[in-house]
Structure formats: structure tokens, C-alpha cells
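Visitor: give me a 3D structure for the following:
(one chain, ligands or ions: 1)
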Amino acid sequence: MNVAIVYYSATGTVHALAQAAAEGAEKAGAHVRLRKVAETAPAAAVDSRPEWAAHVRSTADVAEAAHEDLEWADAVLFGAPTRFGSPAGQLRAFIETTGPLWFHGKLADKVYSAFTASSSPHGGQESTILALSTTFHHWGGVIVPPGYTDPIQFRSGNPYGTSHVAGTGAPGEVTLAAARHQARRVVDIATALKAGRAA
Ligand SMILES: Cc1cc2nc3c(=O)[nH]c(=O)nc-3n(C[C@H](O)[C@H](O)[C@H](O)COP(=O)(O)O)c2cc1C
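Guide: Numbers count the residues shown, from 1 in each chain. Below is the predicted model of the structure:
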């Protein structure tokens, strides 16, 4: 079971969720690739916010997402901060390079799931995740949300996908556990799907 976790993070929140998702998927027995998408903002914009520049430096060793990662994966979890209620443009920019994969049917039949962060509690987490789901529909993907399939979901509270209110600080143990659960569930469903197809 190959799982790619493809994310964008400016100041580390979504990166923390992505790392937790990677842990969850690995613990469920998957081979995992944790991949950031390329920064598209000009260096001057990044440097204008010390926490953004610091995060870029501290994640310099994380490999950048490539089409081959999507081809390799049986399941992909996408993570992006909420920007005006939608996924950050950096992740959209990567997604919008995938036309050739889509055209050749290489994104179909995989399992997809998504997670996010926003500054405020009603800042658009669901709309961001649903916007990503729109793309998964176009790809012919199998969307696997966390729902309320684990007690942690009743504490973390987002059935669409793990979400964190960044205005409250870094994600705590409950949110990280929800991200691990989401990834575990993705692995479980993708494994069952693969086995069913092979049978
Ligand atoms: C241009 C821009 C638009 C944003 N729009 C929203 C928004 O609609 N709702 C919200 O709650 N937070 C919004 N935020 C805050 C980000 O969602 C928040 O900084 C992000 O989730 C932190 O994640 P990161 O640390 O992984 O970058 C916005 C931030 C920027 C820079």
C-alpha cells in the first residue's frame, strides 16, 4: 500500500498535520511519501514574514511533490491551509499541473482524502476540504473522509477531514490523533479496495 501525503504549509500548521498523517499511515503498514508542493510566492513575500521564512528553512529537506508520487500512490492525502475559504494557491498550482495524468486516467480509482487549517473556527475549513473533493470527483477518485468513525472524531470534530484552528496555536494531541486516524482509515479502505480488485 503506497500512500502519498502532499501538502502546502506556510507557517508549519498543515506540515504538523501532514507529519501526523504520515505517522498514522506508516503505523497502518503503508509505504509513505511525505511531499511538500513547491512555493510559488516570491521570496520577498516569504521573507516579509519571519515565521514563513523560518518554516521554509526548517522543511528544506522535505522532498517536493512530483507527478510520479501521484502515479506511485494507491492513496493520496492532500493538505492545505484555508485561504479565503479555499485551498492555498500553492497546492492548487501543483494540482493544476496534473492535466496529463488526468487525461491518461492515471489519477482515477485511487483513494483521496484531505485536511486543512484556518485561523478562525468558522474560517472555511469545510469549504476548503470540499473544494479539494471537487477535484477528486474530476479525477474519478474514491473519497474517504474520516466521518465519525473513531471516538477521536467526537473530540476533534471535523468529519470532512482533520482541521486545526491555527489561531489557537500549534495542533495539539487531539488534532494530531485525528490526523493519524484519518490516514489509518485511508490505508484500511485503500487496502480493501486493492484486495477486492485483485480477487
Ligand atoms: C491570504 C490568506 C488568506 C487566508 N484566509 C483565511 C480564511 O479564509 N479563513 C481563516 O480562518 N484563515 C485564513 N487565513 C489564515 C490561514 O488559514 C492560516 O494562516 C493557516 O491555516 C496556517 O497554516 P500553515 O501554518 O500551515 O501555513 C488566511 C491566510 C492568508 C495568508
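Visitor: C-alpha only now, for contacts and for neighbours.
Guide: Will do.
Visitor: quick one: S48 from the ligand, how far?
Guide: 12 Å (C-alpha to the nearest ligand atom, to the nearest Å).
Visitor: ok, now A54?
Guide: On the measure of C-alpha to the nearest ligand atom, A54 and the ligand end up 11 Å apart.
Visitor: what score does the residue nearest to that residue when sequence neighbours are not counted have for pLDDT?
Guide: Once flanking residues are discounted, A54 sits nearest to T11: 7.9 Å by C-alpha to C-alpha, 6 or more residues apart in numbering. pLDDT, T11: 98.
Visitor: also the one 5 residues further on?
Guide: Reported pLDDT at A16 in the predicted model: 98.
Visitor: which residues touch it?
Guide: Counting by C-alpha atoms under 8 Å, 6 or more residues apart in numbering, A16 touches P171, L176.
Visitor: torsion angles phi and psi at it?
Guide: phi -60, psi -40 (degrees, to the nearest 10).
Visitor: ditto for G79
Guide: Dihedral angles for G79 - degrees, to the nearest 10 - are phi -130, psi 140.
Visitor: now for it, how many residues are close by?
Guide: 31 (other C-alpha atoms under 10 Å).
Visitor: so what's it bridging to?
Guide: Residues in a beta bridge with G79, per DSSP bridges, are Y7, F115.
Visitor: how close does the residue nearest to A54 sit to D109?
Guide: 33 Å (C-alpha to C-alpha, to the nearest Å).
Visitor: show me the contacts for V46.
Guide: W52, A53 are the contacts of V46 under C-alpha under 8 Å, 6+ apart.
Visitor: neighbours of A54, just the number please.
Guide: For A54, the neighbour count with other C-alpha under 10 Å is 16.
Visitor: next, it: secondary structure please.
Guide: Using DSSP: H, G, I helix; E, B strand; the rest coil, the three-state assignment for A54 comes out as helix.
Visitor: now G196
Guide: helix.
Visitor: who's in contact with T11?
Guide: Contacts of T11 (C-alpha under 8 Å, 6+ apart): E51, W52, A54, H55.
Visitor: return the member of those residues nearest to the ligand.
Guide: The closest of the contacts of T11 to the ligand turns out to be W52 (C-alpha to the nearest ligand atom; 7.6 Å).
Visitor: rewinding a little: derive a ChimeraX selection command for the buried subset of the contacts of T11.
Guide: Per 16 or more other C-alpha atoms under 10 Å, the buried members of those correspond to this ChimeraX selection:
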select :52,54,55
